[in-house]
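# Provided below for reference: sequence and predicted model.
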Amino acid sequence: MTDPGLRHLLGRAVLVERRVRRAVHARQRTDPAPDDPFRGLYLSDETVNRLLDAHRPVAAPDPADAELLAATESVAEASAAQGAPTRLHALGRDLGLTALDTEILLIALLPDLDERFEQFYGYLNDDVTRRRPTVGLALSLCGVPPADAGARARLGAEAPLRDHGLLLVEDAERPFLARSLRVPDRVTAHLLGDDTPAPRVADLLTPLRPAPADIGDPGPLARSLAGGLPLAYLREDAGGAGAALAAAALHRAGRGVLGVDLARLARDPHPAEAVRVLAREARLTGAGLVPGPVDALLPDRSDVLRALTGLSAPTVLVGRAPWDAGWSTRPPLLLHAPWVEPAARAALWHAAYDGPPPPSGAPDVTDVLAPFLLTPDQIGRAARAAAQTAELDGGVLRAEHVRAGARAQNAAGLDRLARRVEPAVGWPDLVLPPDPLAQLRELAARARHRDRVLGEWGMRPGGGRGRGVTALFAGDSGTGKTMSAEVVAADLGLDLYTVDLATVVDKYVGETEKNLERIFSEAAGINGVLLFDEADAIFGKRSEVKDAHDRYANVESAYLLQRMETFDGLAVLATNLRANLDDAFTRRLDLVIDFPLPDAEHRRTLWDRCLGPALPRADDLDLDFCATSFELAGGNIRSIAVTAAYLAAAADRPVTMADLIHAVQREYQKLGRLTLASEFGPYLELLHH
């Protein structure tokens, strides 16, 4: 046996065993019926009389015990001198245990080290069904009178042994001295050298890697933690490095790190119990807790936050919400976690990438990741996901693999509030005049370079404004607004999330704002483009207050104005009625892009694109006539093409001009437009076939 900690623990256990042996021998000498097979299951008159006449003796120390104790403690002192105190000593030092506390802990621990002690304790308890030491027996073995108030207090609920979860006092319905003592399995495992987390909280723990030096300076927080700071709060924006900085500070302060996933804790049926077990894990291992994100517990589980902020173990909370004084009775150290800047993102990505070395023509990860807001842990997972995808796709890393790995870090929360669209179109698919097309490219460039412009160059100082990019797409229905948002998302490598107004607008006062806040909060942690279609329905003009409805409608619009300014993502508002939008929204927009109805040249291109290359076409198609005669938007042309394709499929032949004319008539009926002979010209007669 070479482990000094285990030698020390077992040496102390031998001392307890000696006292137990003496107690057993003493009882044997006074046992009136040693051969009774039912001894311990009933009380005879003779036993009762003996109990009435007897008094409980206090065990006298044995000089030999002192010699063994000195030898055992020398092992612990030698280990401590080498900078590695034994676990039993470390617990006593860190948790303020007295010599009596340690003895009681060892007495309760013995049945878990040697099964014989279950029988010994059953014999000493005079009850074969009670195979754990009782409070009274433990005090007796320690040589302490059972009426000693100070000794009894060491087993109170607020005493270190119980408060830190090292000892359980069971059978609460029994008198105090008759209650059983038990050491939790996790504490026993720790004392024996095993630091596997308790199964109760294993699913709540998340590994955290310290942040590299180029992300932020953990020095101030580390010095505070080393000085005994119990509580800190690192507020971060989307893509911040709060958890990684907290881990770096704890490491520098000489402590381990236990990351706690508060999203999982919020779903735990008994969170208070889980918090107690987490606190014990931190105490056993000398680690600090890094719970996050705080936002996962808001607004309904602030009681769990209060429990976390009251722990004796160092706790560094991480979240995006502002600190609320109601979360804790003690003030925390409030700090802000910086963004992970593009250069640092690339370094983290390459450090975590475990695939084959990228070839010389591999994509520049800095540019590819520029539109994404990722934490250090998310960047590491994205790199490993990209390596796996590239391996399946021939082993050569490409930009789409990097983007796919980054998108895979998106949480699913926004999927419940908006429809996710994986972009399947690109710039060549857009048919637009030069100016709106150039503005769309400018929008993509804003999203790609906002870290440099707004962060490094500080072009949006003060006012609490976020780093978001917001654009308005205005134009008639079918002019390409939604498709353009999809193209921008595809160019940035992001998903498109289309907000369903049915999940937002609510007739009850205040509910619309709550629904929008949920969307913005979820979108803050998502790398995607947020599209509000028919935006004038919720971003409309404020009006003169004539009744309560007007007042609340204006409150709703004012809230949206403020919330849009603090949004850190990429949002697109699409509307058919630009004039209905509040002027204050227009001022806060980065770009306003007007989508005109296509002219004849663009309509010709749209007809050809919408019919597609796979649809068989008859020789009589006259797309030049369709483009010239029918003034339609691109969405209407696509609808006509689909209708014509169904007509051709039903007749099992290529699509003909008659199919197109019939489909145009159906589209006109949908739009409420008249079928004029001047528009259909020589093909008017096809309407009657």
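It's in. Residues are numbered from 1 along each chain as shown.

# quick one: the helices in the stretch 151-300 of the chain?
Shown for the stretch 151-300 of the chain, the helices assigned by DSSP state H, counting those that start in this stretch span residues 160-163, 185-191, 199-202, 219-226, 242-252, 262-266, 271-285.

# which other residues reach the fourth one?
Residues external to helix 219-226 that are found in contact with it (CB atoms under 8 Å, 6 or more residues apart in numbering): 232, 234, 245-246, 248-250, 252-255, 288, 314, 316, 333, 335. Any C-beta I mention is one placed from the backbone N, CA and C, and that applies to glycine too.

# check the second one too.
Contact with helix 185-191 is made by 9, 87-88, 91, 109, 112-113, 165-167, 195-196, 198, 277, 280-281, 284-285, as judged by CB under 8 Å, 6+ apart.

# now that helix: average pLDDT?
Average pLDDT, helix 185-191: 94.

# before we move on, back to that, what's the closest of the helices of the stretch 151-300 of the chain to residue 609?
helix 262-266 (43.9 Å; CB to CB).

# just to revisit the earlier point, for the contacts of helix 219-226, which ChimeraX command selects only the ones that are buried?
Buried subset of the contacts of helix 219-226, written as a ChimeraX selection, criterion 16 or more other CB atoms under 10 Å:
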select :232,234,245,246,248,249,250,252,253,255,288,314,316,335
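
# which one of the contacts of helix 219-226 sits closest to residue 574?
For the contacts of helix 219-226, the residue nearest residue 574 by CB to CB is residue 234; the value is 36.8 Å.

# hang on, the earlier thing: could you dump the helices of the stretch 151-300 of the chain to CSV with distance to residue 604?
Converted to CSV, the helices of the stretch 151-300 of the chain look like this (distance: least, CB to CB, whole Å):
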stretch, distance to residue 604
helix 160-163, 80
helix 185-191, 74
helix 199-202, 64
helix 219-226, 64
helix 242-252, 54
helix 262-266, 52
helix 271-285, 64
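
# among these, show me which one is buried the most.
Of all the helices of the stretch 151-300 of the chain, helix 242-252 has the most neighbours on average by mean count of other CB atoms under 10 Å, namely a mean of 27.

# can you give me the helices for the stretch 551-689 of the chain?
Under the criterion DSSP H, counting those that start in this stretch, the stretch 551-689 of the chain contains helices at 583-588, 600-611, 623-629, 634-651, 657-671, 677-680.

# CA atoms only for the last one, dumped as CSV, please.
Listed in CSV are the C-alpha atoms of helix 677-680, where the atom choice follows Å, rounded to 0.1, in the frame of the first residue of the first chain:
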residue,chain,number,x,y,z
ALA,A,677,-58.3,40.2,-74.2
SER,A,678,-55.6,42.8,-74.6
GLU,A,679,-53.4,41.0,-72.2
PHE,A,680,-53.9,37.5,-73.6
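
# list the contacts of it.
Helix 677-680 is touched from outside by 629-630, 661, 664, 684, 686-687, with contacts defined as CB under 8 Å, 6+ apart.

# which of those residues count as buried?
Buried members of these, scored by 16+ other CB under 10 Å, are 629-630, 661, 664, 686.

# show me which of those is closest to residue 493.
residue 630 (36.8 Å).

# correct me if wrong: the closest one contacts residue 661.
No: taking contacts as CB atoms under 8 Å, residue 630 lies outside contact range of residue 661: 9.7 Å.

# what's the closest of the helices of the stretch 551-689 of the chain to residue 477?
Evaluated over the helices of the stretch 551-689 of the chain, closeness to residue 477 peaks at helix 634-651, with 6.3 Å, by CB to CB.

# biggest helix in the protein, by residue count?
Using DSSP state H to define each element, the chain has its longest helix at helix 4-30.

# quick check, pLDDT for the closest residue to residue 684 other than its chain neighbours.
Closest residue in space to residue 684, ignoring its immediate chain neighbours: residue 677 at 5.2 Å, by CB to CB, 6 or more residues apart in numbering. The score at residue 677 is 83. That number is its pLDDT.

# element containing residue 487?
For residue 487, the host element (DSSP states H and E) is helix 481-492.

# same deal with residue 119?
Assigned by DSSP H and E, residue 119 belongs to helix 116-124.

# got it, and residue 479?
Applying DSSP H and E as the criterion places residue 479 outside every helix and strand.

# how about it, what does it touch?
The neighbourhood of residue 479, defined by CB under 8 Å, 6+ apart, consists of 595-598, 633-635.

# confidence score at it?
With respect to pLDDT, residue 479 has a value of 92.

# residue 99 - how many residues pack around it?
The tally of other residues near residue 99 (other CB atoms under 10 Å) stands at 9.

# also residue 403?
The number of residues packed near residue 403 is 23, by other CB under 10 Å.

# quick one: it from residue 444, how far?
Distance of residue 403 to residue 444, computed by CB to CB, to the nearest Å: 14 Å.

# residue 454 too?
To residue 444, residue 454 is 16 Å away according to CB to CB.

# thinking again about what came up before, what's the neighbour count on the residue nearest to residue 684?
Per other CB under 10 Å, the neighbour tally for residue 677 reads 8.

# now swap in residue 685 and tell me
Neighbours of residue 685 under the rule other CB under 10 Å: 10.

# send the alpha carbons of stretch 396-403 over as CSV?
Extracted in CSV, the C-alpha atoms of stretch 396-403 (Å, rounded to 0.1, in the frame of the first residue of the first chain):
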residue,chain,number,x,y,z
VAL,A,396,-11.0,17.3,-47.4
LEU,A,397,-12.2,20.2,-45.2
ARG,A,398,-14.4,22.7,-47.0
ALA,A,399,-16.2,25.9,-45.9
GLU,A,400,-19.6,24.2,-45.7
HIS,A,401,-18.1,21.7,-43.2
VAL,A,402,-17.0,24.5,-41.0
ARG,A,403,-20.4,26.2,-41.2
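
# off-centre distance for it?
Distance of stretch 396-403 from the chain centroid (CA atoms, centre = their mean, to the nearest Å) equals 26 Å.
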